[in-house]
Each structure stands twice: as C-alpha cells, then as structure tokens.
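Q: Need a 3D model of the following:
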Amino acid sequence: QVQLVESGGGLVQAGGSLRLSCAASGRTFSSYTMNWFRQAPGKEREFVAAINWSGGSTHYADFVKGRFTISRNIAKNTMYLQMNSLKPDDTAVYYCNANRLGSNAYWGQGTQVTVSS
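A: I've put the predicted structure just below:
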C-alpha cells in the first residue's frame, strides 16, 4: 500500500523558515515525479514545486522561486521542501504528490503551514 506522509508544518512568523518532509513508502518511486502542492482556504490547490525522483531535476512555481528548495533523499525515500522568507500568502495546507504518466497519482494527507504577519 502506497503511503505519502507529510510532516514539518507549523506556525511561523513572516520572514521565517520551515522544512517540510514527505516520507514515501509502499513502492519504488524511481520513475515518478514528486511534487508539492498547496491549498489556501477558499482557493484551488496549486502547484508549488516538483522533482524527478531519479534524476533530481527540479521545477518551481514562479511565486516560490528563490525562496523554496525541493530535494529528496533516495536512501530514506523522503522528499523535502525547504521554505525560506515565508510570507503570510504562503499560508496553506501543503500536500505531497507522486505521479507518473499512465499511473494513478498518490497524495498525502497534508500538513498545515501558517505564516503570521
């Protein structure tokens, strides 16, 4: 059974930092793209960042470039999102996602990030 479990969310002041983790289990993710999405209250879920599990190439939404860094530790089967210079607009539930062409996508349960002004 595939599981993605996020952790690391919390309350932080504007300008602060948090590191989110996504622990993956239940299958090999070597051919997957791993993603972070977020959803703020009253808004649609939006893409934040992606990493190719095997090659490590990354892609970011424009609104996080230069502030967030996505990475993964293959040995630990864990993906990370280092978030710096946080803004109140970054307040959302952050979700881990794994997907590849032709297969079901997997989602974690989400972790709340709240940035106070």
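Q: got a list of what the residue nearest to the spatial centre of the chain touches?
A: Central residue of the chain (CA atoms, centre = their mean): Trp36, 2.8 Å from the mean position. Residues in contact with Trp36 (CB atoms under 8 Å, 6 or more residues apart in numbering) are Leu20, Cys22, Val48, Ala49, Ala50, Ile70, Met79, Leu81, Tyr94, Tyr95, Cys96, Asn97. C-beta here means a position set from N, CA and C on the backbone, and glycine is covered the same way.
Q: Kindly reformat those residues as a markdown table and extend each row with neighbour count, pLDDT and distance to Pro41.
A: Formatted as a markdown table, the contacts of Trp36 follow (neighbours: other CB atoms under 10 Å; pLDDT from 0 to 100; distance: CB to CB, whole Å):
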| residue | neighbour count | pLDDT | distance to Pro41 |
| --- | --- | --- | --- |
| Leu20 | 24 | 98 | 19 |
| Cys22 | 26 | 98 | 22 |
| Val48 | 23 | 98 | 16 |
| Ala49 | 22 | 98 | 21 |
| Ala50 | 19 | 98 | 24 |
| Ile70 | 23 | 98 | 24 |
| Met79 | 29 | 97 | 25 |
| Leu81 | 26 | 98 | 20 |
| Tyr94 | 23 | 98 | 13 |
| Tyr95 | 21 | 98 | 14 |
| Cys96 | 26 | 97 | 20 |
| Asn97 | 21 | 97 | 20 |
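Q: What residues of stretch 67-80 count as buried?
A: Phe68, Thr69, Ile70, Arg72, Asn77, Thr78, Met79, Tyr80 (16 or more other CB atoms under 10 Å).
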